[in-house]
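Visitor: got a sequence here, can you build the structure:
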Amino acid sequence: MSLTDFNLARVLTDGQLLLGSSGKEYGKLSQLTADELAKAQKDALKNLGLGLGGGADDIGVDVGAELAAGAETTTAAASSVASTSTGFVETPKPALPPLRFKAGGAGALPPPRFKPGGDGTSLGSLADIKSSSPANIPGPVPIPAPAPPPPPAAAEPETDPYAGLSARERNKLKRKRKTEEKAGIAPSVAPVPAAKKAKTADPTSSLAPVAGPSASSAVKQDDQQSDSKVVIDPPAKAKERERLGGEIQAKEAADRAEMEVKVGEWPWRGTVDRLAVGLLAPSWETRHGSSLGLREILKLQGSGGGMLEGLTTAQNEQRHRGWCEDLAAKLLCVFGLDRFGDYVSDQVVAPVRETAAQALAVLLPAMPASSTTGVQRILVDMVHQRDVPKYIWQVRHSGLLGLKYFVAVQAHLIDDDVRENGQVVKMEEDDDRKPRVSSAGPNNVLKAIVDAALVGLRDKDDDVRSAGAATLVPLADALVNSLPNELQILVDLVWACLGDSRDDLATSIGGVMDLLAKLLTYPAVLDLLQSPSLEIPLPQLIPRIFPFFRHTITSVRLAVLNTLLVFARLPSVNSSWINDGLLRLVFQNLIFEERPDIRRASEELWLACLQRFATSSAGSQKLVEYSSPVLSTWFVLLTSPVGTPINPALLWSATASPSGHGGMVHNVDKPMLSQDLALVSVEAITRGRVGGVAALGALLAVWPVEMQDATFAPFLESALASKSAFQRFLATTFIEEWANWTKSAGLVEPARSLSSSPSSLVARLVPRLHEILATDAPASYTETDPIVARLRADCASFYSAFGSVGKVPSAKLPSVPDVFGIQQAQLVANSFNALAALVQPKSKKAAIPQLEERLRKLQSGIAYFEGVKSKHDCQTEENIDLQVRSARSIAAFIDYCSSPTSTVRVNPSPKLVGNLCAFLCQDETRTPIFASTKSSTAGILTLQYRPARGTVDKAPKDAGAETPEQTAAKLVFRGAQLALTELASRFGPELLEKVPKLWSCMADPLVEIYGSGDVARGDALLASDDRKAQELIDCLTVLPVASAKLTPVLHKRLASLLPALAVATRSRFAVVRYAVAKSFATLCDIVPVDGLRFVVESVIPVLGDPLNIDHRRGAVELISQIVDLLDVTILPYVIFLVVPILGRMSDSDDDVRLVATNTFATLVKLVPLEAGLPDPPGFSEELLAKRETEREFLLQLLDGSKVAEYKIPVDIGVELRKYQRDGVSWLAFLARYQLHGLLCDGKLGQRSQLLSSS
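Guide: Residues are numbered from 1 along each chain as shown. Just a heads-up that it's a prediction; the model follows:
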């Protein structure tokens, strides 16, 4: 079929709809007998819980009797109808055995395998019956009347369904039928024995005699088959079936014939033809699978479809055009007829149409241009449906899906259409290679697609609108530049879609919001939105986006924020749309949102709104007007305890009805509102609360100064005086953010300093903060009240036990004080000995064990309280967000104290930096202890911390469990690392000048010990002073961590440490070599040019030192660390490293040999990637020439065929064969480079020749 013959209206009118299936699966039970059907009904009712067996599920009704009565009624009605319609009354039929086969029908089983030329039930005899004259067919009705039932004696042998079967076949069939009964499907047909097969007659053959030669031949064949022998040998049966042929063999042969490809044909012809047939199958799985298969085949092989070898180019092009159009027409038929759909998250999913659209999309690049235009025309017709009597939304949805993929793969066609500036390229039908330019209309292709997409946006169906919006997103650029009229219509439609949505979770909202966000990136669209020609001003249109703030789709939420951010940053747009509702929605976003990208967008939008208000005094008054009524609500949201459900009445939703119900926020934020810690982590909740407090700090920075005290002082003072640690933390974070935003110029111009601010709030809060710092922290906070209450109960129980068990008079027992804390609990526990002395002597033996048990319970409660308290200390904080804030505060404090204008009497910065560096070294897994390892000089520690590849040492069972000390050390290391990162970020290039203590911790011990270049002197100093040695190890731990965040300006200072590090690699202490290798590798990662050049020039020569094994160990360990850390970054230097490492693979030291082998295995995989890279900078000509020599060596090593042929210098009198010359050359290659190798050959003449030549 060609695309010109494709008639959409006829397809939709006359075509058979393609649904989920043909419905045949519902007729499986029609083959069951009455007993089997009754059993199936009984099982179904039992599964439904209707209690046929009595008991708890019994419903008091004899369901079996009801079903039987219903069946009888149905049978009687059917019989009445049959007798009335035909004029005959059917006689009762005797009970028949289970059906073995069925003569026809939708649910018929496969027919028995008849022998060729068999009885009257063969296909040939049935054809003869059909072709016989009407006179030869008895009976006046189309369906012959059944013959009289045979006598019981004659029917008796036929009642046994297993007659004639062997014991093995009988048992096999019973097991199969039992399985099928459980599955609720029709029973299998009993296999007919060979002897009985010839005697079995089709029931239709007994209805009437059949005249003609076919009948006589059938009788003759029947006589022949009756004399056949029964074959009971399985191999003989298989041979008999193979000789006679059968259904399975015939089907396989037909499949092979169908898939067979003739010489010169396209190899995928048979496969594509079969898949094309499956496109219109009744089952949606078949259609979906066929579309998937076509998509994958056409993606790579579509350009050769329909072609034949040996034809001319023009003929093949014509055949290819026809093949493409025929396949495209079938795919388009799927578009028009498929009605299968499913819904996922309230969005329609049409898997068949979607996959068919993808298959059509990969076919389009292989189609001629005129055919592509025909596909586009039909897709547009599907959207408009002008000639269709009844609108079908699935067809419009399919057309838009096809256009979406059409635009994706045919973008060049759109670009060419736009580039022609009003001229459209038309392709002649007979020759697509010669386009003819005509001016039929401006941008025909683009305009047709855009018009169709606009029709989709106007559709009432939500899924159609979503597809229309998705079609327009990639066309935004061409639409803005070429179709100004359609752009105006599109903008109006987008706002109409947002305003007309009755469902907050409408599926089209995602596509419409993505389209709007895309359009807003063009200045022309922004100008259009601000033009006076808009019927509704932009400030009145923007609030239509508010209902989608908490949409369930994350991309919609992000698009909403990005869209509003564009409007907020446009000074020409009236800010009247920034109202209290928007502020509440953004603030709720900051508290409840978990995704980092949406949180960042929310913060940017909040700050942009505050900047709009801060530009004028009128804006500040508006801000006060909007925010003052809801400040108390915001503080309640922030300070509610973690884990306590939040009252939904505190929230505001743009979709709330007048009754107060409804709103998306309750759906998407349900886990956060209920504070379900199984679904929402404590870290996410804390992150949201801190984000809300930071937003209020920025709000206070732009708040009118004269109103700050009266508005915010009550909240802040109450939180600072609270017994809740969480509320105190939020209050201090609020003040910190307020100070930061007031000091910066980000929100207010000019910046207002806290010290010069006339705000009375500052004077009110500063004494309170000083008081908090001067006084001791409370023994417990509100968060630990449940634990304290339990301790109080344990203390009371402890005292009462002395009275009830120890018989101590109540007058002598103390009471638990009303003011109770951890100190009182400890006093109660310490009073055990004094109270035990009061126990009656005769009761001591029985009472003391019970009292000691009470004491242990009390002591465990006290220990649990201490453990919970220590978990919330600053140094053991596990929340990464809070650690980052603390690190930022430390950096700010050091900056303040290091400033020349600082008023502090003693600068604490050196001590703070020293403590941070000490914190980095607390983890012994990162920083070894020199005193415990200095005795170990042999070996390579890298093998201990990082086992060699391929080792299978069994790890201990508790290897994965960390001790509390290790966990705490890792947390402290992370906190110190974050602090140094913040210092580097805050000070930038001036870091080492303003914080000289950091460089002292990074470099001074290294320079002091190995800066002179004398490794023996340095090792002697380490051996005599463990403290200096540990300072060196700590220095080598701080160096890589602090260097990682330094600005490039300071990298030269890092390079100055390379000589000392190179000397330290030769130390006789294994722990020093290990620490130096890690630090050196990190510096090579930071400054690769200087670091790797220094390695090649100063470390590689030491790698082959035959006199000192420590030199070789340090060098190979360093190269191993560099290769593992830098990975592909080391590519330009691979050739410099691989040959020296190859030489160490034969080292006499086991550790050196093992590390070299593992390192070589990594380097050799990188060698093929090195070719073609530019030369590394800074290398001398001598080193580059050496690299070329080593590259030649590697090529010969990795590819034996490239080994240079060795010329034997003496005359041996014979001519060597090719394999002998290769063997000699290979041995010569090994000898030249001092390598080990074996030449596996039965003859040893080559070795003697080589020895004689050398």
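Visitor: all contacts plus neighbour counts: C-alpha atoms, from now on.
Guide: Fine.
Visitor: can you list the low-confidence ranges for the stretch 201-350 of the chain?
Guide: Within the stretch 201-350 of the chain, the segments meeting pLDDT under 70 span 201-259, 343-348.
Visitor: so where do the strands sit in it?
Guide: Secondary structure of the stretch 201-350 of the chain, counting by DSSP state E, counting those that start in this stretch: strands at 342-344, 347-349.
Visitor: check the chain too.
Guide: 342-344, 347-349, 424-427, 435-438 (DSSP state E).
Visitor: got the buried residues for stretch 285-304?
Guide: Neighbour-count burial for stretch 285-304 flags 285-295, 297-299, 301-304 (criterion: 16 or more other C-alpha atoms under 10 Å).
Visitor: how long is stretch 921-938 from one end to the other?
Guide: 24 Å (C-alpha to C-alpha, to the nearest Å).
Visitor: er, stretch 1208-1221 actually
Guide: Terminal residues of stretch 1208-1221 lie 10 Å apart, using C-alpha to C-alpha.
Visitor: with stretch 867-884 instead?
Guide: Chord length of stretch 867-884, first to last residue, is 24 Å (C-alpha to C-alpha).
Visitor: can you give me how far that stretch is from the chain middle?
Guide: 31 Å (C-alpha atoms, centre = their mean, to the nearest Å).
Visitor: swap in stretch 992-1003?
Guide: On C-alpha atoms, centre = their mean, the centre of stretch 992-1003 falls 43 Å from the chain's centre.
Visitor: give the residue spans of the stretch 1-150 of the chain that score low on pLDDT.
Guide: Applying pLDDT under 70 to the stretch 1-150 of the chain flags residues 22-32, 44-150.
Visitor: could you pull up the mean pLDDT of the lengthiest helix in the chain?
Guide: Scanning the chain for the helix with the most residues, using DSSP state H, yields helix 841-871. Mean per-residue pLDDT for helix 841-871: 88.
Visitor: packing partners of it?
Guide: Judged by 3 or more C-alpha pairs under 8 Å, 6 or more residues apart in numbering; DSSP states H and E, the packing partners of helix 841-871 are helix 785-804, helix 822-830.
Visitor: make JSON lines out of the ones you listed and add mean pLDDT.
Guide: Below are these laid out as JSON lines (pLDDT from 0 to 100):
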{"stretch": "helix 785-804", "mean pLDDT": "90"}
{"stretch": "helix 822-830", "mean pLDDT": "90"}
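Visitor: now render these as JSON lines, adding distance to residue 839 and mean neighbour count.
Guide: Output for these, formatted as JSON lines (distance: least, C-alpha to C-alpha, whole Å; neighbours: other C-alpha atoms under 10 Å):
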{"stretch": "helix 785-804", "distance to residue 839": "7", "mean neighbour count": "18"}
{"stretch": "helix 822-830", "distance to residue 839": "16", "mean neighbour count": "16"}
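Visitor: closest to residue 1208 out of these?
Guide: helix 785-804 (91.0 Å; C-alpha to C-alpha).
Visitor: mind listing what residue 733 touches?
Guide: 690, 693, 694 (C-alpha atoms under 8 Å, 6 or more residues apart in numbering).
Visitor: test my guess that the second one contacts residue 637.
Guide: By that I understand residue 693. No: Residue 693 is not in contact with residue 637 according to C-alpha atoms under 8 Å; the separation is 10.4 Å.
Visitor: comparing the two, which shows the higher neighbour count?
Guide: Ranked by neighbour count (other C-alpha atoms under 10 Å), residue 693 and residue 637 place residue 693 first, with 27 against 18.
Visitor: check what pLDDT the closest residue to the more buried one other than its chain neighbours gets.
Guide: Excluding the flanking residues, the one nearest residue 693 by C-alpha to C-alpha, 6 or more residues apart in numbering is residue 734, at 5.4 Å. Here the pLDDT value assigned to residue 734 is 95.
Visitor: pull the number of nearby residues for residue 1090.
Guide: Counted with other C-alpha under 10 Å, residue 1090 comes out at 19.
Visitor: list the contacts for residue 1017?
Guide: So residue 1017 contacts residue 1009 (C-alpha under 8 Å, 6+ apart).
Visitor: now residue 409
Guide: 361, 362, 364, 365.
Visitor: tell me if I'm right that the third one and residue 373 touch.
Guide: No: contact between residue 364 and residue 373 fails when scored by C-alpha under 8 Å: they sit 9.8 Å apart.
Visitor: okay but residue 760 is in contact with residue 710, surely?
Guide: No: using C-alpha under 8 Å, residue 760 is not in contact with residue 710; the gap is 9.2 Å.
Visitor: these two - which one has more neighbours?
Guide: residue 760 (15 against 11).
Visitor: look at that one and report its pLDDT.
Guide: At residue 760, pLDDT is 86.
Visitor: contacting residues for the closest residue to residue 1018 other than its chain neighbours?
Guide: The shortest distance from residue 1018 to any non-neighbouring residue, by C-alpha to C-alpha, 6+ apart, is to residue 1009 (5.0 Å). Applying C-alpha under 8 Å, 6+ apart to residue 1009 gives the contacts 1017, 1018, 1021.
Visitor: residue contacts, the last one?
Guide: To tie it back to what came earlier, the one meant is residue 1021. Here residue 1021 is in contact with 1009, 1028, 1029 (criterion: C-alpha under 8 Å, 6+ apart).
Visitor: quick one: the second one from residue 312, how far?
Guide: Summarising the geometry, the distance separating residue 1028 from residue 312, computed by C-alpha to C-alpha, is 87 Å.
Visitor: more neighbours: which of the two?
Guide: residue 1028 (18 against 11).
Visitor: tell me how far the ends of stretch 7-21 are from each other?
Guide: Using C-alpha to C-alpha, first and last residues of stretch 7-21 are 25 Å apart.
Visitor: any idea which of the contacts of residue 733 is closest to residue 516?
Guide: residue 694 (30.1 Å).
Visitor: assess the claim that residue 1225 and residue 1205 are in contact.
Guide: Yes: the criterion here is C-alpha under 8 Å, and residue 1225 meets it with residue 1205 at 5.2 Å.
Visitor: these two - which one has more neighbours?
Guide: With neighbours defined as other C-alpha under 10 Å, residue 1225 and residue 1205 compare such that residue 1225 has more, 21 against 15.
Visitor: how close does the closest residue to that one other than its chain neighbours sit to residue 1191?
Guide: Ranked by C-alpha to C-alpha, 6+ apart and with sequence neighbours excluded, the top spatial neighbour of residue 1225 is residue 1206, at 4.8 Å. In this structure, residue 1206 and residue 1191 are 19 Å apart, going by C-alpha to C-alpha.
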